[in-house]
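S.K.: What follows is a predicted structure for the sequence shown.
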Amino acid sequence: MRYEILKRSIDIVGASILLVLFSPIILGTAIAIKLNSKGPVFADTPKRVGKNGKLFYPYKFRSMILNAHILLREDPRFKKLYEEYKKSSFKLHEDPRVTKVGKFIRKHSIDEIPQLLNVLKGEMSIVGPRPYYPDELEEQTAKYPQTKKLLKDVVSVRPGITGYWQVTGRSEVNFDKRIEMDAYYARKKSIIFDILVMLRTPWAMVSGKGAV
């Protein structure tokens, strides 16, 4: 209980400070997105799985063309790409839907900054497992059946903007290893662990290692 109170307090104070510090980046990114491609500033992303399996909409800067997620799943032109997407643990290293500005903000995780609003709303934490798509969990747990037992641990905590997986390889880590890392984090529940992850996050953002 003490851990939960302290973690939530850090989330509220930290998210508020970061929103102020990142305000020039937020403004600059919004302008760049509007100038570069047609569509809204924020992405029309599907709901993701939050704490205790509750679905929520994560705020993200739009890094793709309009209706990118719907097109991937429903447009016949993207059928082959969608199959590749599922086979590669729901990641694409060469994605034609990504805009020029989107490629840069995804590499440096700038597209994730608006999720600080999700933190303030209590849907996310600054540090935690990345939120999964419902269809991603369905597909990937069928592909890696041994991971099903880990899901209970993963959804027992709020998903995070940054986390153990994000600073340790990101998209270079396949689903089975990623969910093992997420479950390990969820079981550990340590403020010290959170601090270590946060200290490694700036380098992960600057280097863009493992980003897609």
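M.R.: Looks like it arrived, so ask away.
S.K.: phi, psi of the spatially most central residue of the chain?
M.R.: Nearest to the mean C-alpha position of the chain, by C-alpha atoms, centre = their mean, lies residue 130 at 4.7 Å. With angles defined as degrees, to the nearest 10, residue 130 sits at phi -70, psi 140.
S.K.: Residue 158 is in contact with that one, correct?
M.R.: No: using C-beta atoms under 8 Å, residue 130 is not in contact with residue 158, being 11.4 Å away. Using the backbone N, CA and C atoms, a C-beta is placed for each residue, glycine as well.
S.K.: do you know how far residue 25 is from residue 37?
M.R.: Residue 25 is 19 Å from residue 37, where distance means C-beta to C-beta, to the nearest Å.
S.K.: and the lowest-mean-pLDDT helix or strand in the chain, how far from the chain's centre?
M.R.: None of the helices or strands of the chain scores lower by mean pLDDT, DSSP states H and E than helix 79-87, at a mean of 78. Its chain's average C-alpha position is 20 Å from that of helix 79-87, according to C-alpha atoms, centre = their mean, to the nearest Å.
S.K.: tell me what the helix or strand that that helix is followed by is packed against?
M.R.: Sequence order places helix 100-107 as the next helix or strand after helix 79-87, per DSSP states H and E. Here helix 100-107 touches helix 23-36, going by 3 or more C-beta pairs under 8 Å, 6 or more residues apart in numbering; DSSP states H and E.
S.K.: buried set for the helix it packs on?
M.R.: Residues of helix 23-36 classed as buried by neighbour count (16 or more other C-beta atoms under 10 Å): 26, 29, 30, 32, 33.
S.K.: and if you look at stretch 174-183?
M.R.: Neighbour-count burial for stretch 174-183 flags 175, 176, 177, 178, 179, 180, 181, 182, 183 (criterion: 16+ other C-beta under 10 Å).
S.K.: List the contacts of residue 191.
M.R.: Residue 191 makes contact with 3, 6, 7, 10 under the criterion C-beta atoms under 8 Å, 6 or more residues apart in numbering.
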